[in-house]
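**Q** my questions concern the predicted model and sequence given below.
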Amino acid sequence: MPVRKVVRPTGRGVRGYFPSRKMKRMVAWESLLERDAILRFEFSSAVIRYEEQPQDIYYEQDGATRHYIPDFALTFNTGEIMHIEVKPARKLRDPDIERKYKAIADHYAAIGMSFRILSEKEIRSQPSLSNLQRLARYLPNTSDTSLHTYIQDLSLLPARTLEGASIVCGDALPIYQLLAAGLYWFDIDQPLSANSRIYPRNKESENASILF
């Protein structure tokens, strides 16, 4: 659980919650950039769980002990845990902020823990972000067991494209749900269309990352 309340009723900025299927709860975000980062965490097969505002961190800067809370903690399928700071690139150009995060990065390096700062350059790269935004609308409310009926149909009548799979299943909706649930995959770095090649989940897709 977060170490502090993330979405506060006062203050400026846009805040909200993302209905995470992976985490089976609402995940809070404090900026539109954080919301977009969550999409990458949610749909990455390399990330098995993620948590907002996960831990209090104390680091040294200019002879003083300072307090920091990372925006997210990611747990990868390798067992690695990485703390993430989401920050607009323009803010990272500020000399004081640059020094702050240099000290924070040095602290993580000293304790042997992974840390990374993500800006819009990584988070909002296209067309992958648009693909994820589209898939987010199809996160299925049904269980994977229900979707396996469509997987069985596709195993009997294999289809190589989204359009072909939609014809086999009688509708495009379950195909989008299969993609959103990670039971099928496609090249996230190409625009998703009727002609997109789709594939059943396998070891290659399990190790694929659509983070950054």
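**A** All right, it came through fine.

**Q** what's the end-to-end length of stretch 123-134?
**A** 15 Å (Cα to Cα, to the nearest Å).

**Q** show me what contacts the residue nearest the centre of the chain?
**A** When Cα atoms, centre = their mean is applied to the chain, the residue found nearest the centroid is Phe41 (1.5 Å). With contact set as Cβ atoms under 8 Å, 6 or more residues apart in numbering, Phe41 has these partners: 22, 47, 50, 72, 74, 211. Any C-beta I mention is one placed from the backbone N, CA and C, and that applies to glycine too.

**Q** please name the nearest non-neighbouring residue to Lys100.
**A** Gln61 (6.8 Å; Cβ to Cβ, 6 or more residues apart in numbering).

**Q** got the domain boundaries for the chain?
**A** The record's domain split for the chain, according to automatic domain parsing, is 16-123, 128-206.

**Q** which residues touch the top helix by length along the chain?
**A** Secondary structure of the chain read by DSSP state H shows that its longest helix is helix 95-111. Here helix 95-111 makes contact (Cβ under 8 Å, 6+ apart) with 57, 59-61, 66, 68, 83, 85, 87, 91-92, 114-115, 117.

**Q** again, only using 10 Å
**A** For helix 95-111, the external contacting residues (Cβ atoms under 10 Å, 6 or more residues apart in numbering) are 57-62, 66, 68, 70, 82-83, 85, 87, 90-92, 94, 113-117.

**Q** from these, keep the buried residues only.
**A** 57, 59, 68, 70, 82-83, 85, 87, 115-117 (16 or more other Cβ atoms under 10 Å).

**Q** thinking again about what came up before, any idea which helix or strand comes after the longest helix of the chain?
**A** Next in sequence after helix 95-111, counting helices and strands by DSSP states H and E, comes strand 114-118.

**Q** quick one: buried residues of whatever helix or strand comes next after that next one?
**A** Next along the chain after strand 114-118, taking DSSP H and E as the criterion, comes helix 120-123. Going by neighbour count (16+ other Cβ under 10 Å), the buried part of helix 120-123 is 120, 123.

**Q** who does helix 120-123 touch, helix- and strand-wise?
**A** When contacts are defined as 3 or more Cβ pairs under 10 Å, 6 or more residues apart in numbering; DSSP states H and E, helix 120-123 packs onto helix 32-43, strand 81-86, helix 89-92.

**Q** helix or strand right after it?
**A** Downstream of helix 120-123, the first helix or strand assigned by DSSP H and E is helix 128-136.

**Q** could you pull up the mean pLDDT of that following helix?
**A** Average pLDDT, helix 128-136: 95.

**Q** same check on stretch 104-120?
**A** For stretch 104-120, the mean per-residue pLDDT is 97.

**Q** ends of that stretch, what's the gap?
**A** End-to-end for stretch 104-120, by Cα to Cα: 20 Å.

**Q** go on, stretch 24-43?
**A** Criterion Cα to Cα; first-to-last residue distance in stretch 24-43 is 14 Å.

**Q** what mean pLDDT would you report for that stretch?
**A** For stretch 24-43, the per-residue pLDDT averages 96.

**Q** enumerate the positions of stretch 102-119 that are buried.
**A** 104, 107-108, 115-119.

**Q** understood, closing this out.
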